[in-house]
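Novice: Fold the following and give me the result.
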Amino acid sequence: MNKKNSVRTQTPALSFFRTMPKLVLLLALGSFTIGALGCSSDSEEKSGQEKTASQATQPAGGNTDKKSASQETDSNLSIEKWNAYIALTNETYNIYFKMVETYLIAFGQGEKPTEPKHNNDRIDFNNSTLNTGNLEKAIDKTLEVAAQNPDDFDRIATEAAKALKEQLPLLVKLGKYSRNKGYIDDKGALAIELHPQIIKNFPIVDASFGQLDKAIGEQEKQRQAEDLKHLKAEGMEISATALELYIAATDIQKYMSEKEVTRDNFRKVIKLEELRKLYDKLPPLMANLEKLSTNLEQVKKEGLRESDPTSFLDSAGDFKVEVASLIEVLEKSSGGASTSSLPQQIANNYNRLVNSYNRDIAH
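Specialist: Reported below is the predicted structural model:
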């Protein structure tokens, strides 16, 4: 069975909107999409597995024609580039943007920093943001593969990687500063010193990754259409339906993102009939996938484990429930503080759905 492309996830938490020169930090549903291989550490292994499988299907006797070999090489390079750019985007949002986000919460977004009220915890980065080594590897890999037969997509990725590479010394310094709790020693003096550099350089990185994000989105849409066509042609009904379900969920998340939905404005910016139209695609797809998944011979044919479709359906079900809850709140025009977290809960469950798709269906 041919390996299916991994899909991407969107940042579920704090996001930066492009309203410069003043940075606007909002506690909101993510406005960016963020690259995610189901398990990013497995991407190279998966790529290698695909290459091995492809080689295994070649005719015996070494009579493969040169054109086919060339096409296979181009295909492998395309997959390698795709995985590299997805990994770069993923690491960037998980490390650079979260690091800057944490800093700005502490010191503000103006030209001059404000004194943090609590020096002992306001700029303590999450441990997951401190591994700049993975980010550096993602940058280097992007620059390496993007230089091979570059097109416009590759040039956009290169610009983003270069913009971020210039920020690595700053990230390393901030990471070490947090890890060693230097902010307790100097009461945040180093962070305040770095403030002008952070404020100046963020718009550059933000703009370059905005372009990359857009390019990845366009590429993904094309890849999804190709994947879906191929899966249906090969009789891979379960995988095709799962992909359609993923796309339907992504359309909802994209709608929320484009509307810049927050916990404060969701009643004003969401149009109930638009959200309802997107939501109505979910139930029949889930019902069809559940029915198809009872055919264990088909499950085996598609290289899936018996539990894989069920696991993905569970994640899709959690996402569906949160969207349904939001629709219910909008229809009743009521709800208190607990309902204001629904946009964030939808984003969180969307992330889980994507991770489940990559782990359980696209493996």
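Novice: what are the ranges of the helices in the stretch 251-363 of the chain?
Specialist: Assigned by DSSP state H, counting those that start in this stretch, the helices in the stretch 251-363 of the chain fall at 266-269, 272-279, 282-292, 296-301, 307-332, 342-356.
Novice: out of these, which comes closest to Gly235?
Specialist: Counting by C-beta to C-beta, Gly235 lies closest to helix 296-301 out of those; the figure is 7.8 Å. Every C-beta, even on glycine, is put in place using the N, C-alpha and C of the backbone.
Novice: What residues of the closest one count as buried?
Specialist: The neighbour-count check on helix 296-301 (16 or more other C-beta atoms under 10 Å) flags Gln298, Val299 as buried.
Novice: Equivalent analysis for stretch 79-98, please.
Specialist: Buried, per 16+ other C-beta under 10 Å, within stretch 79-98: 79-98.
Novice: for stretch 197-204, same thing?
Specialist: Ile198, Ile199, Asn201, Phe202.
Novice: Output the helices of the stretch 251-363 of the chain as a markdown table; include the columns mean pLDDT and distance to Ala240.
Specialist: Listed next are the helices of the stretch 251-363 of the chain as a markdown table, based on pLDDT from 0 to 100; distance: least, C-beta to C-beta, whole Å:
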| stretch | mean pLDDT | distance to Ala240 |
| --- | --- | --- |
| helix 266-269 | 90 | 33 |
| helix 272-279 | 96 | 20 |
| helix 282-292 | 98 | 9 |
| helix 296-301 | 96 | 11 |
| helix 307-332 | 94 | 12 |
| helix 342-356 | 88 | 17 |
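Novice: So which of the ones you listed is the most surrounded?
Specialist: Highest mean neighbour count among those (mean count of other C-beta atoms under 10 Å): helix 342-356, with a mean of 22.
Novice: For Lys320, list the residues it contacts.
Specialist: Tyr279, Leu282, Pro283, Met286 (C-beta atoms under 8 Å, 6 or more residues apart in numbering).
Novice: Dump those to CSV, plus distance to Ile252.
Specialist: Shown next, in CSV, are those (distance: C-beta to C-beta, whole Å):
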residue, distance to Ile252
Tyr279, 7
Leu282, 8
Pro283, 13
Met286, 13
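Novice: Show me which of these is closest to Leu292.
Specialist: For the contacts of Lys320, the nearest to Leu292 is Met286 (10.9 Å; C-beta to C-beta).
Novice: so where is the stretch 51-200 of the chain shaky, pLDDT-wise?
Specialist: Counting by pLDDT under 70, the stretch 51-200 of the chain has low-confidence residues at 51-74, 115-130.
Novice: so where do the helices sit in it?
Specialist: Here the stretch 51-200 of the chain has its helices, by DSSP H, counting those that start in this stretch, at 66-91, 98-107, 132-146, 152-165, 168-179, 182-186, 189-233.
Novice: how about the helices of the stretch 251-363 of the chain, which one is nearest Ala157?
Specialist: Nearest to Ala157 among those is helix 342-356 (20.9 Å), distances taken as C-beta to C-beta.
Novice: now for the buried residues of stretch 197-204, which pair is the farthest apart?
Specialist: Ile199 and Asn201 (7.7 Å).
Novice: which residues are common contacts for these two?
Specialist: By C-beta under 8 Å, 6+ apart, Ile199 and Asn201 have no common neighbours.
Novice: List the contacts of the closest residue to His195 other than its chain neighbours.
Specialist: In this structure, His195 finds its nearest non-sequential neighbour in Pro113, 4.2 Å apart by C-beta to C-beta, 6 or more residues apart in numbering. If a contact means C-beta under 8 Å, 6+ apart, then Pro113 has Phe107, Ala191, Ile192, His195 as its contacts.
Novice: can you rerun that using 10 Å?
Specialist: 103-104, 106-107, 188, 191-196, 198-199 (C-beta atoms under 10 Å, 6 or more residues apart in numbering).
Novice: Would you write a PyMOL line that selects the buried entries of those residues?
Specialist: Applying 16+ other C-beta under 10 Å to the contacts of Pro113, the buried members can be selected in PyMOL as follows:
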select buried, resi 103+104+106+107+188+191+192+194+195+198+199
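Novice: Arrange the helices of the stretch 251-363 of the chain in TSV, one row each, with distance to Ala225 as further columns.
Specialist: TSV is the format used below for the helices of the stretch 251-363 of the chain (distance: least, C-beta to C-beta, whole Å):
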stretch	distance to Ala225
helix 266-269	29
helix 272-279	18
helix 282-292	17
helix 296-301	23
helix 307-332	20
helix 342-356	18
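Novice: Leu212: which of the ones you listed is closest?
Specialist: For the helices of the stretch 251-363 of the chain, the distance to Leu212 is smallest for helix 342-356, at 18.3 Å, taking C-beta to C-beta.
Novice: possible to save the helices of the stretch 51-200 of the chain as JSON lines with distance to Lys259?
Specialist: Formatted as JSON lines, the helices of the stretch 51-200 of the chain follow (distance: least, C-beta to C-beta, whole Å):
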{"stretch": "helix 66-91", "distance to Lys259": "22"}
{"stretch": "helix 98-107", "distance to Lys259": "21"}
{"stretch": "helix 132-146", "distance to Lys259": "30"}
{"stretch": "helix 152-165", "distance to Lys259": "25"}
{"stretch": "helix 168-179", "distance to Lys259": "31"}
{"stretch": "helix 182-186", "distance to Lys259": "37"}
{"stretch": "helix 189-233", "distance to Lys259": "16"}
